[in-house]
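> next input, structure requested:
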Amino acid sequence: MTDRPVADPAERPLEGRLVLLGVTGSIAAYKAAELLRELVRAGAEVQVMMSEAATHFIGPLTMEALSGRPVMLDPLELQSDRRIGHIVAADAADAILIAPATAHWLGAMANGLASDILTATCLASSAPVVVAPAMDGDMYLHPATRANVARLRDYGYRVVDPESGSLASGQVGVGRLVDLPVLVEAVSQVVSGRPVRQPDPGLRPPRAERQRAHDLADWHVVVSAGGTAEPIDPVRFIGNRSSGKMGMAIAAACLERGARVSLIKGTTSAEVPAGATVVHAETAASMREAVLAALPTADVLVMAAAVADFRPRAAAETKLARGDGLELQLEPTSDILAEAAAVARAGGDDPRLRPLIVGFAAETGSLERAPEKAARKGVDLLVANDVAEEGSGFGGDTNRVTIVVPGAELEPWPLLSKREVADRLLDRIRALRVGTGAE
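Numbers count the residues shown, from 1 in each chain. You can find the predicted model right below:
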């Protein structure tokens, strides 16, 4: 496999951004589902807001399924934590896109009337707003509508004028919603050069709770979690900063989806999920032994543990005195992931017929080495992250990862909670295991 660069930002200009997509009661509302998909393809997380009239043209359930978030319909609605939903969205949004926008909405917004969830959110937000009108041609050309559009432009809103073409009325004229890539480009332009406004998932509108069936029933998943402690003497060791939270999140997600979980636990500060069979392995040697012992009955091995690369060549049997000074001779530990992958692949190349091997790679500054590392270690999937990046370090509750599958394009994911990463990772693993090869 040849080295591949991380995905070109030009292909995902909205990576990590939160875009509020407001849909009003225009016949063009049926295009909102595909517009949502285009925004997601550009890297955005999308929170949909709909006026009551819009729900007559396209169902909120469709938009929730595509966005992964409950659709916002009522400006008075509270989140489960009792925060006002549209205020949370207004404060977290990187951009607001109103598409399609009706003449009624243009008039309400131009005059500052908080008559629905869309106008209330726009009034409460300092995020850039892109507006895409769609309506009958004579309606759009009416002086009142033109005055409202001009006023919105005076507010600093970017109005993307509709195109000329066939309209729902059967007439031909100006009023047709512009092509969807034009709208994605407009949103990309208004956020260009701005930092992500609110990267913390906990301060963004909540995602929908996904009720997954026991789609991993009858699977045996082996998960390693935490770090290792390589002894210098009976009280000192060489270790790392891994908390084990990512591995514990994966184990919990596996259990929720019906899998039998063997948790090979290194040094951790994270809570162990109930229901897992725990094997304590706090050194690289004991973790290697535990992993290779569990592998023959495993359907999947997820090596989320941060195993020490080096250990003292010899550990002192008694505590070393401070005054004696200390000089350590180190030796490399075993590459557990590569060894496990080699053992698994001895059973054939088809991951449906042997244990599927998933590794983690913690890097700093760049993920350029990740594709080569995935190939060298022989894994089926590698989860790489930059632990120096804000929100992705050891001990935190969030992570931004890139999925490396040998022979496929890199898959950069946005900043997510570690549990969300776990759920998405299991979706990806299941797709590889059952042979679809795609998420």
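> what comes up buried for stretch 353-364?
By 16 or more other C-beta atoms under 10 Å, the buried positions in stretch 353-364 come out as R354, P355, L356, I357, V358, G359, F360, A361, A362, E363. Using the backbone N, CA and C atoms, a C-beta is placed for each residue, glycine as well.
> which helix or strand contains P351?
Following DSSP states H and E, one finds P351 outside all helices and strands.
> I'd like to know how many residues surround it.
22 (other C-beta atoms under 10 Å).
> care to break the protein down by domain?
What the record gives for the chain is the domain set 9-203, 220-318+326-434, from automatic domain parsing.
> for H214, find the nearest of those.
Evaluated with C-beta to C-beta, these place domain 220-318+326-434 nearest to H214, the distance being 3.0 Å.
> give me the distance from the closest one to the chain's centre.
A distance of 19 Å separates the centroid of the chain from that of domain 220-318+326-434, by C-alpha atoms, centre = their mean, to the nearest Å.
> now do that domain: distance from first to last residue.
Start and end residues of domain 220-318+326-434 are separated by 14 Å (C-alpha to C-alpha, to the nearest Å).
> one more: stretch 115-129?
In stretch 115-129, first residue to last residue: 17 Å (C-alpha to C-alpha).
> so for it, mean pLDDT?
Averaging pLDDT along stretch 115-129 gives 96.
> and if you look at stretch 95-109?
On average, stretch 95-109 scores 97.
> next: stretch 229-246.
Per-residue scores along stretch 229-246 average to 89.
> which SSE is I96 in?
strand 95-101.
> how close does the nearest residue in space to P206 that is not next to it in sequence get to I87?
Closest residue in space to P206, ignoring its immediate chain neighbours: Q79 at 6.2 Å, by C-beta to C-beta, 6 or more residues apart in numbering. Distance of Q79 to I87, computed by C-beta to C-beta, to the nearest Å: 10 Å.
> any chance of the domains of the chain in a markdown table, plus distance to H214?
Below are the domains of the chain laid out as a markdown table (distance: least, C-beta to C-beta, whole Å):
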| stretch | distance to H214 |
| --- | --- |
| domain 9-203 | 20 |
| domain 220-318+326-434 | 3 |
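> the helices in the chain, which residues?
All helices of the chain, identified by DSSP state H, fall at 32-41, 60-67, 85-92, 103-110, 117-124, 137-141, 143-154, 180-191, 245-256, 284-294, 336-345, 370-377, 418-434.
> winner for burial among those?
The highest average neighbour count among those, using mean count of other C-beta atoms under 10 Å, belongs to helix 245-256 at a mean of 26.
> between helix 418-434 and it, find me the angle.
Helix 245-256 runs at 60 degrees relative to helix 418-434, counting by axes from the mean of the first three to the mean of the last three C-alpha atoms, to 10 degrees.
> elements contacting helix 245-256?
strand 220-225, strand 260-265, helix 418-434 (3 or more C-beta pairs under 8 Å, 6 or more residues apart in numbering; DSSP states H and E).
> and those as CSV, adding distance to P296 and mean pLDDT?
CSV is the format used below for the helices and strands packed on helix 245-256 (distance: least, C-beta to C-beta, whole Å; pLDDT from 0 to 100):
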stretch, distance to P296, mean pLDDT
strand 220-225, 10, 97
strand 260-265, 12, 97
helix 418-434, 17, 89
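> what bridges to P332?
F310 (DSSP bridges).
> so it versus G258, what's the distance?
38 Å.
> which one is V19 nearest to, not counting chain neighbours?
The shortest distance from V19 to any residue other than its chain neighbours is 4.5 Å, reached at A44 (C-beta to C-beta, 6+ apart).
> ok, that neighbour touching L20?
No: contact criterion C-beta atoms under 8 Å: A44 and L20 do not qualify, at 10.0 Å.
> and V222, how far from M303?
Relative to M303, and taking C-beta to C-beta, V222 is found at 9 Å.
> got the CA coordinates for the worst-scoring helix or strand of the chain on mean pLDDT in CSV?
One helix or strand of the chain scores below all others by mean pLDDT, DSSP states H and E: strand 172-176, with a mean of 81. In CSV, the C-alpha atoms belonging to strand 172-176 read as follows (Å, rounded to 0.1, in the frame of the first residue of the first chain):
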residue,chain,number,x,y,z
VAL,A,172,-41.5,29.6,-16.0
GLY,A,173,-39.8,32.4,-14.1
VAL,A,174,-37.4,33.4,-11.4
GLY,A,175,-38.1,31.6,-8.1
ARG,A,176,-36.5,28.1,-8.5
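> and the contacts of it?
Identification of contacts with strand 172-176 by C-beta atoms under 8 Å, 6 or more residues apart in numbering yields 28, 133-141, 161-167.
> now it, how far from the centre of its chain.
That offset, for strand 172-176, works out to 38 Å (C-alpha atoms, centre = their mean).
> and of the helices of the chain, who's closest to V383?
Between those, helix 418-434 lies closest to V383; by C-beta to C-beta that is 6.6 Å.
> which strands or helices does that closest one pack on?
Applying 3+ C-beta pairs under 8 Å, 6+ apart, one finds that helix 418-434 makes contact with helix 245-256, strand 300-303, strand 356-363, strand 381-386, strand 398-399, strand 401-404.
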